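# Dropping the sequence and predicted coords here.
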Amino acid sequence: MNDVGQYFLDRVATIKSRRIEKAANNAIAHEVDVNNTPAEISLAKKITQAITREKKTSTQSISSETQNLETLWTKNIYEKMLELVDVTVLSNMSDSSARRQIRDISYRLLGEMNAPLNAASRDQVVNALEDEIMGLGPLEDLLKDPQVSDILVNGPNKIYVERKGKLELTNRRFSDTRNLMKVIDKIVSSVGRRIDELSPMVDARLKDGSRVNIIIPPLALDGPTISIRRFSVERLSMAELVEFGSIDESLGNILQAIVKLRLNVLISGGTGSGKTTLLNVLSSEISEDERIVTIEDSAELQLQQPHIVRLETRPANIEGRGEITQRELVKNCLRMRPDRIIIGEVRGAESLDMLQAMNTGHDGSLTTVHANTARDALARIENMITMYGAQFPVETLRQQIASAINIVIQVQRLEDGTRKIMSVEEVTGTEGHIIIMSPIYIFQRQGVDSEGKVKGRFRASGVVPNFYRKLEMMDIHLPIDVFKAH
């Protein structure tokens, strides 16, 4: 090929390169130049995607290196601070004064030790030190986030959270296992518990009422594990459940009438389905002139009525003595002249005492149970009673259950993370050995939309419940139309 031919080939290659570069810029701006051929546009998009991936990888690498450097200096400054400051003195100071002292000392040490960190990273280190000494380390920011409903720690390097019903891995982590164990010791010691190899499991709660379960080696093979069920500071109302799509307005009116009518209600559902949240909402409908006694393993209920007595179980001490169970508390509360008894969750022998209370004049009682369907919930109550040694003929026991429990509400967390009331059923009695249940309201699924959200609607079954006559007798207004099928 002569020089002229080579010259023209080089010019063509240069022009093509410029056209591709222009197409790449157009692709970035989401534009298409009519002068670019489809092949050039396709190649430009591939180049753009490669550049974007490279930038993202580079950014992630820099972010990871920065985080590692911040973690290292947090550890260094923390160890230096322990040498210079008696941390126990901080406990005698007000929270704001202690935090101010920690920040002043941290910034001074960072300067004296010539930490190779920019201003933003130094602020991050100081915040981490403040959380480490005064709070729960890397968990502090997550506990302040109102969007977070669960915090799950799987060893020092993996911290997951649940937001809007979905689990996601965070970039938070503990510096090492020893640092994680310090936070665990801080949690359990604040509630008078202990955790070690002889007692490697513990249930506790944080200052805000959030439930905590902790399990450590040798039972937890991959390192200490923390599971925190967040305590919602904001109390939800029936109107907000309607707004969130957990119920519709008609169902909300029915639930309000059920509470005012003093029917005994059993809320059933799986873990994280919203049983306690619904129990709080229903409890808020109780009249302020009633005496309410609540019984819980870990106090979570947020009742605002003025006349409330809150009882909580107590685990055994190191010597295995001093345990107070829910059953003992249920028996005791019957001597406390309660108008309403609310049990956070029935899970054992207290189920029999709860039934007896419901059958002996303590109407309007509320409780929850773990079960997948409304009928399974009644079967679980039956199993718990028989499992703990109560000897009843099956027919007699089921008559007791049908007489005590009036309403079963089934709640569920769906695959899109939303929580809904799936059914409200009335227990109408027994026929032979079978407990008869009548659906009042149900959620009817209609598939999933393009964004993965569950579609469906709430509808009445068309059956007017037996308690409707009692509503009229007690002058509780509820239009009969809400029970019509639509």
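Nice, thanks for sending it over. Keep in mind it's a predicted model, so treat the numbers as computed, not measured.
# C-alpha from now on. contacts and neighbour counts both.
OK.
# Could you confirm S96 falls within a helix?
Yes: counting by DSSP: H, G, I helix; E, B strand; the rest coil, S96 is found in a helix.
# Distance of it relative to I77?
20 Å (C-alpha to C-alpha, to the nearest Å).
# ditto for M336
M336 sits 54 Å away from I77, going by C-alpha to C-alpha.
# And these two? Which one has more around it.
I77 (21 against 12; other C-alpha atoms under 10 Å).
# Now that one: phi and psi?
Here is the backbone geometry of I77 (degrees, to the nearest 10): phi -70, psi -40.
# likewise V463?
phi -100, psi 120.
# And the helices in the stretch 1-150 of the chain, which stretches?
3-28, 38-84, 87-90, 95-112, 119-134, 140-144 (DSSP state H, counting those that start in this stretch).
# Just give me the lowest mean pLDDT stretch among those.
For these, the weakest mean pLDDT is recorded on helix 3-28, namely a mean of 51.
# Just the residues contacting stretch 142-160, thanks.
161-164, 167-177, 179-180, 222-232 (C-alpha atoms under 8 Å, 6 or more residues apart in numbering).
# same thing but 6 Å
Outside stretch 142-160, the residues that touch it by C-alpha atoms under 6 Å, 6 or more residues apart in numbering are 161-163, 168-170, 173-174, 176-177, 223-230.
# next one: stretch 303-312
Here stretch 303-312 has contacts from E288, R291, I292, V293, T294, I295, E296, D297, using C-alpha under 6 Å, 6+ apart.
# Output the longest strand belonging to this structure.
Of all the segments of type strand in the chain, defined by DSSP state E, the longest one is strand 434-448.
# re earlier: neighbour count, secondary structure and pLDDT added to the contacts of stretch 303-312, as JSON lines?
Formatted as JSON lines, those follow (neighbours: other C-alpha atoms under 10 Å; DSSP: H, G, I helix; E, B strand; the rest coil; pLDDT from 0 to 100):
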{"residue": "E288", "neighbour count": "13", "secondary structure": "coil", "pLDDT": "90"}
{"residue": "R291", "neighbour count": "18", "secondary structure": "coil", "pLDDT": "94"}
{"residue": "I292", "neighbour count": "25", "secondary structure": "strand", "pLDDT": "94"}
{"residue": "V293", "neighbour count": "22", "secondary structure": "strand", "pLDDT": "95"}
{"residue": "T294", "neighbour count": "24", "secondary structure": "strand", "pLDDT": "94"}
{"residue": "I295", "neighbour count": "25", "secondary structure": "strand", "pLDDT": "93"}
{"residue": "E296", "neighbour count": "19", "secondary structure": "strand", "pLDDT": "89"}
{"residue": "D297", "neighbour count": "20", "secondary structure": "coil", "pLDDT": "83"}
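# Now do the residue nearest to F443 when sequence neighbours are not counted, the pLDDT please.
Closest residue to F443 apart from its sequence neighbours, by C-alpha to C-alpha, 6 or more residues apart in numbering: F458 at 4.4 Å. pLDDT recorded at F458 is 94.
# the inter-axis angle of the host helix or strand of F458 versus strand 434-448?
Per DSSP states H and E: F458 is located in strand 454-460. In terms of direction (axes from the mean of the first three to the mean of the last three C-alpha atoms, to 10 degrees), strand 454-460 departs from strand 434-448 by 140 degrees.
# on contacts alone, who are the packing partners of strand 454-460?
strand 434-448 (3 or more C-alpha pairs under 6 Å, 6 or more residues apart in numbering; DSSP states H and E).
# pLDDT on the strand it packs on, on average?
93.
# elements contacting that strand?
strand 419-431, strand 454-460.
# Most tightly packed of those?
strand 419-431 (a mean of 21; mean count of other C-alpha atoms under 10 Å).
# Show me what that strand pairs with in its sheet, parallel or antiparallel.
Applying DSSP bridges, strand 419-431 is found paired with strand 407-413 (antiparallel), strand 434-448 (antiparallel).
# what does it contact?
Defining contact as C-alpha under 6 Å, 6+ apart, one finds that strand 419-431 is touched by 246, 402, 406-413, 435-443.
# what's the offset of it from the middle of its chain?
From the chain centre to the centre of strand 419-431 is a distance of 25 Å (C-alpha atoms, centre = their mean, to the nearest Å).
# Can you list the low-confidence ranges for the stretch 201-350 of the chain?
231-234 (pLDDT under 70).
# What segments of it are strands?
201-205, 211-215, 225-229, 265-269, 292-296, 308-312, 340-343 (DSSP state E, counting those that start in this stretch).
# Tell me which of these lies nearest to M238.
strand 265-269 (15.5 Å; C-alpha to C-alpha).
# which other helices and strands contact the closest one?
Looks like strand 265-269 contacts strand 366-370, strand 407-413 (3+ C-alpha pairs under 6 Å, 6+ apart).
# Give the burial count for G432, as a bare number.
When neighbours are counted by other C-alpha under 10 Å, G432 registers 12.
# now the one 3 residues further on
Counted with other C-alpha under 10 Å, residues neighbouring I435 total 19.
# how close does the residue lying closest to it once chain neighbours are set aside sit to S237?
If the residues on either side of it in the chain are set aside, I435 comes closest to G429, at 6.0 Å by C-alpha to C-alpha, 6+ apart. Separation of G429 from S237 (C-alpha to C-alpha): 32 Å.
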